[in-house]
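**Student:** only geometry, no sequence info:
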Ligand SMILES: Nc1ncnc2c1ncn2[C@@H]1O[C@H](COP(=O)(O)OP(=O)(O)O)[C@@H](O)[C@H]1O
Ligand SMILES: [Mg+2]
């Protein structure tokens, strides 16, 4: 009853109020025409943009296939697919290097400044160089994402591993653990809250960087869709794209990442350390 | 140390008791002398020497039962056998009903019981303890000391306890090794001839054999503190 208690419901309702106000204003604008539809398309136009974009779509299953004429779902899946791919590759790499740097003092000291350096450069700043290296297309956008995911996960894992009290390692060693067991049973779980925070941060930054990269250096994806629609003055498609980007992120963060973060930290009674 | 002996190392704070214990455990390198367990020199940490640390060293992401069974898990003991042994030690330290709790749900005294059970369950040749009850309140400490004595009887383990608490050393030790202040050296050895089953606080405080030994140790330790 705590999870879906009254306090939580009230908080959700409270948070929905600004959206309701904005939505009402938006709909009023459609009626009173304070701003021209080319600048501020009515909600109904944005809604029907979904169907315009999906016009060439033969069926529900085809929406999953790239190049099937289901433009909106293709762009969404393309962006999300790259996020998934970057997680699949970037996460194990970031965790592996982070753990290694965390347990090996000299290696850690050598790699930490690079981590700070890499995280200081926002993902989007790499786009021009990435275009030179990889050309316009999926390689560039994937590189931008991977770059963001890897360094954030690496850095947070490093900090997490360093924060694990030495006495845990000593205790497990005295129980007869090998070096490998110490890593998998002490350092990785001990760093998990920090790693999860790193994943959450990298998804947030990565998603934003990806959209921007798709605009400049991509040939598909939601960012690319925004860019093309704006050039063709299809403002309702731009609005739709922005809403989709925000909703996908909110759903991912609120429904997956925040619960995951809370689960690891609260279950073990660990205090979240801001990094 | 003899088999089945309970030795207590007592000395002023900062004299190197923790350092000594970590060397015995193989967690710190030593330059001079030798450390042997049953004639085999110590080269690093191993499951023949169990350690109960001053701080809470049990893993917060493991339940009580999984912490206690950790040593057996590392030794590759099959699950069925492990469960049986874990239950035995959970009961020995009086934690029945708390098996599935996480450490953050336990009091300080209970956490040290888990640490004690975790070490014993791995069945070491010798158990090393570093001020295990220093961080709990006075009432709990007395209870835990009596329980440790009961466990020493039940398991007949060889135990080395390190402490700055003279009462604790005298209450638990068969032999008490008194250390000088830093750099700590062995100053005196005090033998305490009180049968284990008579070591109950209410009884020993009225026993002149105990109080005389305790005061002797107290004098030895205080002389060290006074010189500073
Ligand atoms: N024999 C020694 N010579 C010099 N320094 C020592 C010696 N023994 C311990 N120390 C140092 O004294 C400090 C306190 O030692 P510690 O073992 O923690 O003491 P205790 O556990 O008795 O309070 C540590 O920094 C340790 O390195
Ligand atoms: Mg100490």
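**Tutor:** Noted; the coordinates are in hand. The structure presented is a predicted model; accordingly, all values stated were derived computationally and were not measured. Residues are numbered from 1 along each chain as shown, chains lettered A, B, ... in the order given. Ligands and ions are numbered 1, 2, ... in the order given.

**Student:** For the helix or strand encompassing residue B:187, buried residues please.
**Tutor:** Assigned by DSSP states H and E, residue B:187 falls within strand B:186-191. Applying a neighbour-count criterion of 16 or more other C-beta atoms under 10 Å in any protein chain shown, the buried positions in strand B:186-191 are B:187, B:190. (Glycine included, C-beta is placed from N, CA and C.)

**Student:** for that strand, packing partners?
**Tutor:** Strand B:186-191 is packed against strand B:175-179, helix B:208-227, with contacts defined by 3 or more C-beta pairs under 8 Å, 6 or more residues apart in numbering or on different chains; DSSP states H and E.

**Student:** contacting residues for residue B:67?
**Tutor:** Residue B:67 sits next to B:58-59, B:103, B:114, B:118 when contact means C-beta atoms under 8 Å, 6 or more residues apart in numbering or on different chains.

**Student:** of all the residues you listed, which two lie farthest apart?
**Tutor:** Pairwise distances across the contacts of residue B:67 (C-beta to C-beta) peak at 10.8 Å, for the pair B:103 and B:118.

**Student:** Between those two, which has more neighbouring residues?
**Tutor:** Neighbour totals were compared for residue B:103 and residue B:118, and residue B:118 leads with 30 against 20 (other C-beta atoms under 10 Å in any protein chain shown).

**Student:** What are the neighbouring residues in contact with the spatially most central residue of chain B?
**Tutor:** Nearest to the mean C-alpha position of chain B, counting by C-alpha atoms, centre = their mean, stands residue B:129 at 2.9 Å. Residue B:129 makes contact with B:51-52, B:159-162, according to C-beta under 8 Å, 6+ apart.

**Student:** re the thing from before, rank the contacts of residue B:67 by pLDDT and give me only the lowest.
**Tutor:** Among the contacts of residue B:67, residue B:103 has the lowest pLDDT, at 92.

**Student:** Report the contact partners of the residue lying closest to residue B:214 once chain neighbours are set aside.
**Tutor:** Leaving aside its chain neighbours, residue B:214 sits nearest to residue B:170 (4.0 Å; criterion: C-beta to C-beta, 6 or more residues apart in numbering or on different chains). If you count contacts by C-beta under 8 Å, 6+ apart, residue B:170 has them with B:8, B:176, B:190, B:192, B:210, B:213-214, B:217.

**Student:** Kindly reformat the residues you listed as JSON lines containing pLDDT.
**Tutor:** Below are the contacts of residue B:170 laid out as JSON lines (pLDDT from 0 to 100):
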{"residue": "B:8", "pLDDT": "95"}
{"residue": "B:176", "pLDDT": "94"}
{"residue": "B:190", "pLDDT": "93"}
{"residue": "B:192", "pLDDT": "91"}
{"residue": "B:210", "pLDDT": "92"}
{"residue": "B:213", "pLDDT": "94"}
{"residue": "B:214", "pLDDT": "94"}
{"residue": "B:217", "pLDDT": "94"}
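
**Student:** Now compare those residues and name the two farthest from each other.
**Tutor:** Going by C-beta to C-beta, the pair spanning the contacts of residue B:170 furthest: B:8 and B:210, at 13.4 Å.

**Student:** out of the two, which sits in the more crowded spot?
**Tutor:** Each of residue B:8 and residue B:210 has its neighbours counted (other C-beta under 10 Å); residue B:8 has more, 26 against 21.

**Student:** Wasn't the more buried one part of a strand?
**Tutor:** Yes - per DSSP: H, G, I helix; E, B strand; the rest coil, residue B:8 lies within a strand segment.

**Student:** I'd like the distance from it to residue B:48, if you could.
**Tutor:** According to C-beta to C-beta, to the nearest Å, residue B:8 stands 21 Å off from residue B:48.

**Student:** Let me know the closest of the contacts of residue B:67 to chain A.
**Tutor:** Using C-beta to the nearest C-beta, residue B:59 comes nearest to chain A of the contacts of residue B:67, at 6.0 Å.

**Student:** Do me a favour and get the backbone dihedrals for that closest one.
**Tutor:** phi -80, psi 120 (degrees, to the nearest 10).

**Student:** what's the burial count for residue B:197?
**Tutor:** Counted with other C-beta under 10 Å, residues neighbouring residue B:197 total 9.
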